[in-house]
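**Student:** make a model of this:
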Amino acid sequence: MKKNDIIMQAALKLVSERPTDQIGYVDIAKLAGVHWTTVRRHLGNKENMRELLVERREEQGHSYADTRTRVLDAAIRVFAKHGYAGATMDQVAAEAGQTKSVVYWHFNNKSDLYLAICERNMAIQAQMLPSQVEAMIRKEDRVKALMEWMQGQVEGCLPSDTPMLFFEFYATSRDPLIREQIRKIFENFYSQVSEIFRILQQQKVIRNDIDPHSLAVYIQTVINGLLLSWSLAPKELSIERFSRDAALLLWNGLSVSDNSVIKASSNE
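**Tutor:** Residues are numbered from 1 along each chain as shown. Predicted coordinates for the structure are as follows:
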């Protein structure tokens, strides 16, 4: 995939989550795995970039005025502010600028609304991952690329407290039907990520004696574990350092080459 396509994919992902006037070069660059000046070179000045994003969003059917999208975006803000237990459908309706009946037209209840958010987030992650992986394996320093990706994944979750909200939601959801829906969402996500690893194994980018599904679960577990550990003791854990060490361990364990073991630089 060309760099311009990777940048545009990242931009469209952000467009599906927020208004275009809240999207900057740095936001797109972090998601695409490039420098912000590269984004500016491909998308032009800020005015041109926003006009292009609006045009492409409409082509892709991602109209921000769409009621269901407005409700989902509003719900994310409400959950982030009040937590899952403290959030109400009334608050979501007010945040979205809609009546409560409109919210209930799209979602049966609060758990249905939160599951829709989870499903959308996981689908976006799975959609973006192939281009992100392709960008990483093209880099000369793959460990650094993997480190920056992991760090970006973690830092992208911290402001909205998304993982903590999910842990809260899952811990308080005793309904077996809800847990089954969660299982299906993650099952679908792991299936898509596993396919990416399977292709990398076929291309001899990574070793082929590890089950792709296990790899998908493992990497997600590392990221979730880091987020949980950071939330418990943020001052004791450097996300940058952990991401670097985790990237070293992952790449040295996955690489097919006997000579690919990379040691940590003493000055880092």
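
**Student:** how near is N4 to V34?
**Tutor:** Noted for N4: a distance of 10 Å to V34, by CB to CB, to the nearest Å. All C-beta atoms are positioned from the backbone trio N, CA, C, and that covers glycine.

**Student:** let me redo that: M122
**Tutor:** Distance from M122 to V34, by CB to CB: 24 Å.

**Student:** thinking again about what came up before, neighbour count winner among N4 and V34?
**Tutor:** Taking other CB atoms under 10 Å, N4 and V34 do not tie; V34 has more neighbours (18 against 13).

**Student:** so that one sits in a helix?
**Tutor:** No. Residue assignment for V34, taken from DSSP: H, G, I helix; E, B strand; the rest coil, gives coil, which places it outside any helix.

**Student:** list the contacts of the helix or strand hosting W230.
**Tutor:** With elements taken from DSSP states H and E, the one containing W230 is helix 212-232. The list of residues contacting helix 212-232 from outside it, by CB atoms under 8 Å, 6 or more residues apart in numbering, reads 150, 153-154, 157-158, 163-164, 167, 189-191, 193-198, 201, 206, 237, 239, 242-243, 246, 250, 254.

**Student:** just the buried ones from the residues you listed?
**Tutor:** In these, burial by neighbour count holds for 150, 153-154, 157, 163-164, 167, 189-190, 193-194, 196-198, 201, 206, 239, 242-243, 246, 250, 254, counting by 16 or more other CB atoms under 10 Å.

**Student:** if we can go back for a sec, list the buried residues in the helix holding W230.
**Tutor:** Of the residues in helix 212-232, those buried by neighbour count under the rule 16+ other CB under 10 Å are 212-213, 215-216, 219-220, 222-223, 226-227, 230.
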